[in-house]
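Q: pasting the structure only:
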């Protein structure tokens, strides 16, 4: 997998999975795997478009589950061709949603894969409907654990705060080390 910082990549065609992907948990993996499968079917490269640090860390000081190098490693293991890592800071957070769409157009996406709660741009003004005005968008429904609860980075952080590492690992689909918490 090739890694690009701050969007310095143009492609003639691609399938893009977009998200913070903090934790690269089973829900994130479903989004990324769909992008990889669709890219193979369309015979174009797969791209993961992600952020460092995750927006929730920037806005809410949430604990980061996967430092960028670990996140990129986990994404690469899913068979992705390219990772585009955007530095998320105050300046980036103020960019309008149309700027985000313009950046994506450089990758000429045949399809874009996102989770059902995807938002983007200044004040989260962009949503899936806006994205779908410009691109073919495939929305992945929430992935739930065996108990029927939605898997999310927030839930994993809560479990880690409670010391429930084994339960966190189940939701992640890979293992955090015991000394992580």
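A: Happy to help now that I have it. The model shown is predicted, which means the values in this text are computed figures rather than measured ones. Numbers count the residues shown, from 1 in each chain.
Q: show me what counts as buried in stretch 121-136.
A: 121, 126, 128, 130, 131, 135 (16 or more other C-beta atoms under 10 Å). Where C-beta positions appear, they are placed from N, C-alpha and C, glycine not excepted.
Q: contact partners of the one helix or strand in the chain whose mean pLDDT sits lowest?
A: Least confident helix or strand, the chain: helix 55-60 with a mean of 76, by mean pLDDT, DSSP states H and E. For helix 55-60, contacts defined as C-beta atoms under 8 Å, 6 or more residues apart in numbering pick out 20, 22, 62, 63, 64, 88, 89, 90, 93, 153, 154.
Q: which of the residues in the helix or strand containing the last one are buried?
A: Counting by DSSP states H and E, the element that carries residue 154 is helix 153-161. With burial defined by 16+ other C-beta under 10 Å, the residues of helix 153-161 counted as buried are 153, 155, 156, 157, 159, 160.
Q: so where's the longest helix in this structure?
A: Looking across the chain with DSSP state H, the single longest helix is helix 26-42.
Q: do a quick rundown of the strands in the chain.
A: With DSSP state E as the criterion, the chain has strands at 2-5, 14-18, 46-52, 82-87, 109-115, 137-140.
Q: quickly list what the spatially closest residue to residue 9 that is not a sequence neighbour is bridged to.
A: Ranked by C-beta to C-beta, 6 or more residues apart in numbering and with sequence neighbours excluded, the top spatial neighbour of residue 9 is residue 84, at 5.6 Å. Residue 84 has these beta-bridge partners by DSSP bridges: residue 4, residue 49.
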